[in-house]
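**Q** sequence first, predicted model second:
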Amino acid sequence: MPQAELAFIKIFNEIIESLNTILENDMNEMDKARVMRKINSDAKMLMSMNKAYGLSLLGSIAGANGDIPKMHKNHQVSLKFNSDIVLSKNYAVSMRVCGLLKESYDYTKQLLSKNQDDPTLVNLLATLSFDMGDEKRYREHAEQYYIMTQEKHPNWADFQKEMNEIKELNKFCSSATAHACMVGM
């Protein structure tokens, strides 16, 4: 891979990592604003190196700021310049960040049909299924992820905990219903 390409991919990944830090951590507004200013500046600088990657970052930034139309526009224009799988996955993640879970799921499913050996896509499908509360799809994708990576899906422990809570709640409700029926006789 040429040195220039490695440079913009490194910058792209660093900016995405910074954006994820903002999304995953509680930061005070002042620190968040500083980091967002730097991310915006870096994304615009990346545009001069690679327009598709720069636009993809601007789409992610728009998504993180809740600007869904701008998020879609930037990602779609980015993909017209370069349909790289990295940019496509980034679009799917941006939709997830915006709460467009079904849209992200459907888009990721399309990506997987063209990239069947990509465990990151299966991981994203499992995560989206978990986020949507779709037990059947989550199990299916988590199993597929395990087959591909020999690792449990990152949400597996939470999924098992929720399933156990549901079982306990069902037991409680069944015994409460039985007790209420006996009292009512």
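**A** Right, received. Where do you want to start?
**Q** what sits against the nearest residue to Met49 once chain neighbours are set aside?
**A** Once flanking residues are discounted, Met49 sits nearest to Phe8: 4.3 Å by C-beta to C-beta, 6 or more residues apart in numbering. To be clear about C-beta, it is placed using only N, CA and C from the backbone, and glycine gets the same treatment. Taking C-beta atoms under 8 Å, 6 or more residues apart in numbering, we find Phe8 in contact with 46, 49-50, 53.
**Q** rerun at 10 Å
**A** 45-50, 52-54 (C-beta atoms under 10 Å, 6 or more residues apart in numbering).
**Q** turn these into a markdown table, including pLDDT.
**A** Formatted as a markdown table, the contacts of Phe8 follow (pLDDT from 0 to 100):
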| residue | pLDDT |
| --- | --- |
| Met45 | 89 |
| Leu46 | 90 |
| Met47 | 90 |
| Ser48 | 89 |
| Met49 | 87 |
| Asn50 | 91 |
| Ala52 | 94 |
| Tyr53 | 94 |
| Gly54 | 93 |
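**Q** farthest pair in the residues you listed?
**A** By the measure C-beta to C-beta, Met45 and Ala52 form the most distant pair in the contacts of Phe8, at 14.6 Å.
**Q** quick one: what helix or strand has the most centrally placed residue in the chain in it?
**A** In the chain, the residue lying closest to the centroid (C-alpha atoms, centre = their mean) is Val93, at 3.8 Å. Per DSSP states H and E, Val93 falls inside helix 85-97.
**Q** and what of Ile22?
**A** Ile22 belongs to helix 3-24, assigned by DSSP H and E.
**Q** cool, and His153?
**A** Per DSSP H and E, there is no helix or strand for His153.
**Q** that one contacts Leu128, correct?
**A** No. Shown here, His153 and Leu128 do not form a contact pair, counting by C-beta atoms under 10 Å, at 11.7 Å.
**Q** out of the two, which sits in the busier spot?
**A** Using other C-beta atoms under 10 Å, the more surrounded residue of His153 and Leu128 is Leu128, with 27 against 23.
**Q** next, the contact list for Leu128, please.
**A** Here Leu128 is in contact with 92-93, 95-96, 100-109, 134, 137-138, 141 (C-beta under 10 Å, 6+ apart).
**Q** the residue lying closest to it once chain neighbours are set aside and Leu57, how far apart?
**A** Using C-beta to C-beta, 6+ apart and skipping residues adjacent in sequence, the residue nearest Leu128 is Tyr105, 4.4 Å away. Applying C-beta to C-beta, to the nearest Å, the value for Tyr105 to Leu57 is 23 Å.
**Q** these two: who's more crowded?
**A** Leu57 (29 against 23).
**Q** list the buried residues in the host helix or strand of the more buried one.
**A** Per DSSP H and E: Leu57 is located in helix 51-64. Buried residues in helix 51-64, counted by 16 or more other C-beta atoms under 10 Å: 52-64.
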